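> Next come a sequence and a model predicted from it.
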Amino acid sequence: IVIFALINALIFVLGKSFMQGDDLNLIILHNGQTCVALFALIGYFVVFYVLLCSAFYFFDNSKLNQSNIKSNKILYCMFELHPLIGCSCVLLMFWGPYIIFYYPGILHYDGYDQLKMYYGYSTWTTHHPVFSTLLMGRIMDFGKQIASDELGVFLYTFFQSLIFIFTISYGFKYMKEWKIPHKLRIAFLLFYGIVPIFPMYAYTEIK
């Protein structure tokens with residue numbers, strides 16, 4: 001815990017310096033700045049140490065064990081009987097609003113460049129993988145034949161989201177085999193479901 005807390009504290013202090021000036025001046029500019037950075041390092045270390053100790057204490061003393069999770073039919077079905085399908089359904093429920101409100105999907109500038117390459121509006125280069133460029137273009141062609149460009153983008157982003165959800169849920173299958181505490185599995189499921197970066201990237205047309 002001490003080592004991990006120290007590593008995280010160092011990452012935060014170094015990261016702040018590079019975010020502000022793309023260098024270490026926030027730490028080594030002068031003695032006063034070094035003292036401030038040292039106090040920040042100690043502060044971050046204490047925060048991470050307390051958080052990690054609390055997390056270990058919480059999960060080590062978890063009352064949600066194998067014997068009493070059977071009384072909760074939903075959790076038992078989701079984590080023990082069908083972790084792949086159960087967790088996938090929960091994640092799809094959490095990510096559903098993104099899929100609805102961002103229809104047909106988020107077109108990243110890299111994805112846009114790849115589609116321009118596919119349709120001949122820019123020169124083909126090896127900057128983008130050829131396979132994913134062809135895949136984006138073929139799916140776009142298919143969507144256009146059925147209805148519109150929007151459907152082409154949606155087909156790519158929606159199935160990419162499903163694959164991402166399935167991949168994350170496969171991790172819960174391993175958690176079951178490794179007998180990870182159920183409270184920790186719930187925490188991970190909520191983490192993947194609530195933190196926006198996962199559904200946003202999953203629903204983005206990008207290589």
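All right, it came through fine. Numbers count the residues shown, from 1 in each chain.
> what residue of the protein is the furthest out?
Computed with CA atoms, centre = their mean, the residue of the chain farthest from its C-alpha average is residue 31, at 39.0 Å.
> Can you tell me how far that residue is from residue 37?
11 Å (CB to CB, to the nearest Å). Where you see a C-beta, it was placed from the backbone N, CA and C, and this is true even at glycine.
> low-confidence ranges in the protein?
For the chain, applying pLDDT under 70 flags the ranges 58-72, 74-76, 78.
> Going by residue numbers, what spans are strands in it?
Secondary structure of the chain (DSSP state E): strands at 106-107, 204-205.
> Just say which of the ones you listed is most tucked in.
Sort these by mean neighbour count, taking mean count of other CB atoms under 10 Å, and strand 204-205 sits at the top with a mean of 21.
> Sheet-wise, list the partners of it with their directions.
Strand 204-205 pairs in its sheet with strand 106-107 (parallel), by DSSP bridges.
> which residues are in contact with the partner strand?
Here strand 106-107 makes contact (CB atoms under 8 Å, 6 or more residues apart in numbering) with 153, 157, 200, 203-205.
> re the thing from before, just put the strands of the chain in CSV and tack on distance to residue 181.
Formatted as CSV, these follow (distance: least, CB to CB, whole Å):
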stretch, distance to residue 181
strand 106-107, 35
strand 204-205, 33
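> So for stretch 99-109, first residue to last residue, what's the gap.
Distance between the boundary residues of stretch 99-109 (CA to CA, to the nearest Å) amounts to 19 Å.
> tell me, how many neighbours does the closest residue to residue 95 other than its chain neighbours end up with?
In space, and not counting its chain neighbours, residue 95 is closest to residue 199: 4.0 Å by CB to CB, 6 or more residues apart in numbering. Counted by other CB atoms under 10 Å, the residues lying close to residue 199 total 24.
> Could you tell me which residues make contact with residue 199?
Applying CB under 8 Å, 6+ apart, the residues near residue 199 are 94-95, 98-99, 161.
> And those residues, which is closest to residue 122?
residue 161 (26.9 Å; CB to CB).
> distance of the closest one from residue 29?
Taking CB to CB as the measure, residue 161 and residue 29 are separated by 45 Å.
> One more: residue 48?
Residue 48 is 25 Å from residue 29, by CB to CB.
> of the two, who's got more company?
residue 48 (20 against 15).
> Isn't that one up against residue 2?
No - taking contacts as CB atoms under 8 Å, residue 48 lies outside contact range of residue 2: 9.7 Å.
> Do a quick rundown of the helices in the protein.
Per DSSP state H, the chain carries helices over the ranges 2-21, 25-28, 31-60, 66-69, 73-76, 83-101, 109-118, 130-146, 149-177, 182-194, 197-202.
> Just put the ones you listed in TSV and tack on distance to residue 124.
Supplementary listing: these in TSV, determined by distance: least, CB to CB, whole Å:
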stretch	distance to residue 124
helix 2-21	35
helix 25-28	42
helix 31-60	47
helix 66-69	54
helix 73-76	50
helix 83-101	31
helix 109-118	5
helix 130-146	8
helix 149-177	19
helix 182-194	36
helix 197-202	25
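> re earlier: reformat the contacts of strand 106-107 into a markdown table and put distance to residue 80 next to each item.
Output for the contacts of strand 106-107, formatted as a markdown table (distance: CB to CB, whole Å):
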| residue | distance to residue 80 |
| --- | --- |
| 153 | 38 |
| 157 | 32 |
| 200 | 31 |
| 203 | 30 |
| 204 | 33 |
| 205 | 36 |
